[in-house]
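Undergrad: Predicted model and sequence follow; I will ask about them next.
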Amino acid sequence: MAGPTRGFLGRRRERDPRLPPGQYDVGRDWPVLTAEPTPRITPETWSITVDGRVESPTTWTWDEVHRLPPAEYRGDIHCVTTWSKFDTRFTGVSVDTLLEAARPAADAHFVVATAKTGYTTNLPLEDVTGGRAWLVWEFDGAPLPVEHGGPVRLLVPHLYFWKSAKWVTRLTLLQRDQPGFWEQNGYHDRGDPWREQRYQGD
Amino acid sequence: MRGVDRPTPRTVRLRLEVPDRVDHLAGQHYVVRLTAEDGYRAQRSYSVASAPGDPLVELLVERLDDGEVSTYLADVVEPGDQLEVRGPIGGWFVWTGDRPALLVGGGTGVVPFVSMLRTAAELGRADLLRLAVSTRTAAELPYVDELRAAGALVVTTRERSGIRPPGRLTAADLVPLWEPGQTAYVCGSTPFAEAASQLLVGLGVPAADVRVERFGPSGPA
């Protein structure tokens, strides 16, 4: 750890306790960060599949997933590029609900989320269970905009937001961890903002 | 810090001597981390403009009026200062110098492309790169002379450019630059990156061959 930077004062001294280390409050803005062109996906052609190490691989269409018990997340989100956004509200379905139907095998320990664009991200299974992960299609009561992952994205708000794959269409359960897109490109396999797990080796 | 200058009114160019550095790939970035006396920290990522063969690492920073890090780098930093940096970072938006590429940049989004052009020059493979750039005015575009010398198409949205009236980058601009087999790289603000990447997809460039890097706010809400 280096010492102080000459002449650097910083913006504010009252740090919001909701802000993980190295993050700032982006306010009302919601920056868009994606590594690929934004796809055009209509709800009618969208579906979500849970497969891999599960007893009953299952696919839900847009209509079918809307018939599952609804769930909501209210809270904060944190992007590895150092912005955090407070008091967000997302609506969708809990990943627990999907996994109850697909029934993870005893040896399933990790999950890879795959997007329509081919984007992937890996997570420990325990990070998407126990009411900590959702598939969401509404933000603040309105349809999730396509640039933010609409029609449906994964939401894992206790980890850096690249884990919350936009345009998600598949959750594949695995025995062993398998690095996803950013994880193969130098970013952390878990990505806990409170531990500042930004890059491999953090 | 070995060199600080301001190529345009809103940008500052930093030339850093980084001890024991690992060579970067063109397109990668560094994190600059600032620490206040009481331990408060702020960090941001900036693309590298220099080629790996440059003895110094060159970063180009756009000064945002409400930017906590960019205002410090633009207004306070002097040669001789010590800065904490981390890098190089990024394994996706990189060009390794061995494949044809179409580079489409908006404003300070040209910075990683400057590194790619300089890397190509080092390798003697300038023939692999095609470049289109959009800026409000030529005077606001960092590296404008270097980009033009490399054959870049420079489109200006707020002033005439030769016989061309002010206007945005169009599909017609990209058609003569596009060749099958190229990887396309798009870098700029979110609205620019969105528009440019959709232009490319509209021309038939496979989405899987388009790599996008966005920065800054999402634009008007």
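TA: Looks like it arrived, so ask away. Remember, it's a predicted structure, so these values are computed and weren't measured experimentally.

Undergrad: host element of residue B:119?
TA: helix B:111-123 (DSSP states H and E).

Undergrad: Other residues contacting that helix?
TA: The set of residues that contact helix B:111-123 without belonging to it, under C-beta atoms under 8 Å, 6 or more residues apart in numbering or on different chains, is B:24, B:26-29, B:46-54, B:59-60, B:93, B:95, B:97, B:101, B:103, B:105, B:126, B:128-129, B:131, B:133, B:142-143, B:146-147, B:150, B:185, B:187, B:213. In this view, the C-beta of every residue, glycine as well, is placed from N, C-alpha and C.

Undergrad: Now do it: distance to the chain's middle.
TA: Between the centre of helix B:111-123 and the centre of its chain there are 11 Å (C-alpha atoms, centre = their mean, to the nearest Å).

Undergrad: What residues sit buried inside that helix?
TA: By neighbour count on 16 or more other C-beta atoms under 10 Å in any protein chain shown, the buried set for helix B:111-123 is B:111, B:112, B:113, B:114, B:115, B:116, B:117, B:118, B:119, B:120, B:123.

Undergrad: swap in stretch B:20-28?
TA: Of the residues in stretch B:20-28, those with enough neighbours to count as buried (16+ other C-beta under 10 Å) are B:21, B:24, B:25, B:26, B:27, B:28.

Undergrad: right, and the fifth one touches residue B:96 too?
TA: No - counting by C-beta atoms under 8 Å, residue B:96 is not a contact partner of residue B:27; they are 9.1 Å apart.

Undergrad: Which residues outside the lengthiest strand in chain A are in contact with it?
TA: As far as residue count goes, and with DSSP state E defining each element, the longest strand of chain A is strand A:83-94. With C-beta under 8 Å, 6+ apart as the contact definition, strand A:83-94 has outside contacts at A:16, A:18-20, A:23-26, A:29-31, A:65, A:68-78, A:131, A:133-141, A:144, A:152, A:155, A:157, A:193.

Undergrad: partners of it, with directions?
TA: strand A:24-25 (parallel), strand A:71-78 (antiparallel), strand A:134-139 (antiparallel) (DSSP bridges).

Undergrad: Put together TSV for the buried residues of stretch B:20-28, with pLDDT and secondary structure on each row.
TA: As requested, these are arranged in TSV below (pLDDT from 0 to 100; DSSP: H, G, I helix; E, B strand; the rest coil):
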residue	pLDDT	secondary structure
B:21	95	coil
B:24	97	coil
B:25	97	coil
B:26	98	strand
B:27	97	coil
B:28	96	coil
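
Undergrad: Pick out the most distant pair among those.
TA: B:21 and B:27 (16.3 Å; C-beta to C-beta).

Undergrad: And for residue 93, the neighbour number?
TA: Reading this off chain A. Burial of residue A:93, expressed as a neighbour count using other C-beta atoms under 10 Å in any protein chain shown, amounts to 22.

Undergrad: Chain B is the one I meant
TA: 20.

Undergrad: Thought residue B:185 was touching it, still the case?
TA: Yes - applying C-beta under 8 Å, one finds residue B:93 in contact with residue B:185, separated by 6.6 Å.

Undergrad: what residues are shared contacts of these two?
TA: Both residue B:93 and residue B:185 are in contact with B:27, B:112, B:211, B:213, where contact means C-beta under 8 Å, 6+ apart.

Undergrad: out of these, what pair is the most spread apart?
TA: Set against one another by C-beta to C-beta, these have their most distant pair in B:112 and B:211, with a gap of 10.3 Å.

Undergrad: what sits in contact with each of these two?
TA: With C-beta under 8 Å, 6+ apart applied, the overlap between the contact sets of residue B:112 and residue B:211 consists of B:93, B:185.

Undergrad: Tell me where chain B has strands.
TA: Assigned strands in chain B, in chain order: B:3-8, B:11-16, B:29-35, B:41-47, B:57-62, B:84-89, B:101-106, B:129-135, B:153-156, B:183-189, B:210-215 (criterion: DSSP E).

Undergrad: From the ones you listed, pick the one with the highest average neighbour count.
TA: Comparing the strands of chain B on average neighbours per residue, with mean count of other C-beta atoms under 10 Å in any protein chain shown, the densest one is strand B:101-106 at a mean of 27.

Undergrad: That one vs strand B:129-135, what angle?
TA: 10 degrees (axes from the mean of the first three to the mean of the last three C-alpha atoms, to 10 degrees).

Undergrad: Tell me if strand B:101-106 is near chain A.
TA: No - applying C-beta under 8 Å from any C-beta of the partner chain, one finds that strand B:101-106 is not in contact with chain A, the shortest distance being 11.7 Å.

Undergrad: Any idea what residue A:84 is bridged to?
TA: Counting by DSSP bridges, the residues bridging with residue A:84 are residue A:25, residue A:78.

Undergrad: Tell me which of the shared contacts of residue B:93 and residue B:185 has the lowest pLDDT.
TA: Sorting those by confidence puts residue B:213 at the bottom, with a pLDDT of 93.

Undergrad: For chain A, what's its nearest residue on chain B.
TA: Closest to chain A within chain B is residue B:91: 3.4 Å, counting by C-beta to the nearest C-beta.

Undergrad: Apart from its chain neighbours, what residue comes closest to that residue?
TA: The shortest distance from residue B:91 to any residue that is not its chain neighbour, by C-beta to C-beta, 6 or more residues apart in numbering or on different chains, is 3.4 Å, and that residue is residue A:185.

Undergrad: Can you give me the neighbour number for the one you found?
TA: As a burial measure, residue A:185 scores 17 neighbours (other C-beta under 10 Å).

Undergrad: Please list all residues in contact with it.
TA: Contact partners of residue A:185, counting by C-beta under 8 Å, 6+ apart, are B:90, B:91, B:92.

Undergrad: same thing but at 10 Å, please
TA: Under the criterion of C-beta atoms under 10 Å, 6 or more residues apart in numbering or on different chains, the contact partners of residue A:185 comprise A:35, A:179, A:199, A:200, B:89, B:90, B:91, B:92, B:93, B:94.
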